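Participant: Build me a structure from this.
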Amino acid sequence: MAEAAAPEVGISCEPVAGQEISRHLPAAAARGRGKKLSLFGFQSSLPTFGKSLVVSIIPVTTVLSMVLVITVIYAGIGTGNYRNRDPSHFGNFGDSLFTMVQVLTYDSWASSIARPLQYDGEGGDKDTGVQMFFISYFLMVLAAGIILFQAIVAVMLSEFVVTEYQENFLNVQER
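Facilitator: Numbers count the residues shown, from 1 in each chain. Got it, this is the predicted structure:
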């Protein structure tokens, strides 16, 4: 089968060993300019995206550190306040930290941890301190995650735009 008979936008499905893919793509854009034709349009922006991801490592680490600090503080508070009421979840600091991570991941925290803990054993009165403890933790982690995540996205986008601008500027100067 002759390659000349292939349509202008067609792709040859038969690979030939030792030849570049651009020789099998008869598109006019791939020939004569020294550029390789990309089969996927997003490939040209991958280095820029990678650079912006590297720059965002510090803000992501900051967010995770803040959530970890909040979780550790609340685990200490939980151990001090609820050690005797719920020793399986708050008996020591390790149990409390594990419990707070369970709350952080929304893993049945309301039904298995917060609701049984809010009722004291005598008379069934609700302890509003337990409610405030879990609600404040939830709001602190939610606020830290949402607000700081917005900052991460802003840093990534600005770095992406700056990197793209610099690459375009260098390409114009090379011409």
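Participant: Ala151: what secondary structure?
Facilitator: helix (DSSP: H, G, I helix; E, B strand; the rest coil).
Participant: Which residues are in contact with it?
Facilitator: 59, 63 (C-beta atoms under 8 Å, 6 or more residues apart in numbering). Yep, even glycine has a C-beta here, placed from its N, CA and C like the rest.
Participant: Go ahead and confirm Phe93 touches Thr79.
Facilitator: Yes. The pair Phe93 / Thr79 is scored as a contact, 5.2 Å apart, by C-beta atoms under 8 Å.
Participant: So between the two, which is more surrounded?
Facilitator: More crowded of Phe93 and Thr79, by other C-beta atoms under 10 Å: Thr79, with 20 against 15.
Participant: Report the secondary structure element holding the closest residue to the more buried one other than its chain neighbours.
Facilitator: Excluding the flanking residues, the one nearest Thr79 by C-beta to C-beta, 6 or more residues apart in numbering is Ser96, at 4.3 Å. Under the criterion of DSSP states H and E, Ser96 resides in helix 93-104.
Participant: buried sites along that helix?
Facilitator: The neighbour-count check on helix 93-104 (16 or more other C-beta atoms under 10 Å) flags 95-97, 99-100, 103-104 as buried.
Participant: burial measure for Gln166, as a count.
Facilitator: 12.
Participant: Per-residue pLDDT of it, please?
Facilitator: Gln166 carries a pLDDT value of 76.
Participant: for Gly123, same thing?
Facilitator: 59.
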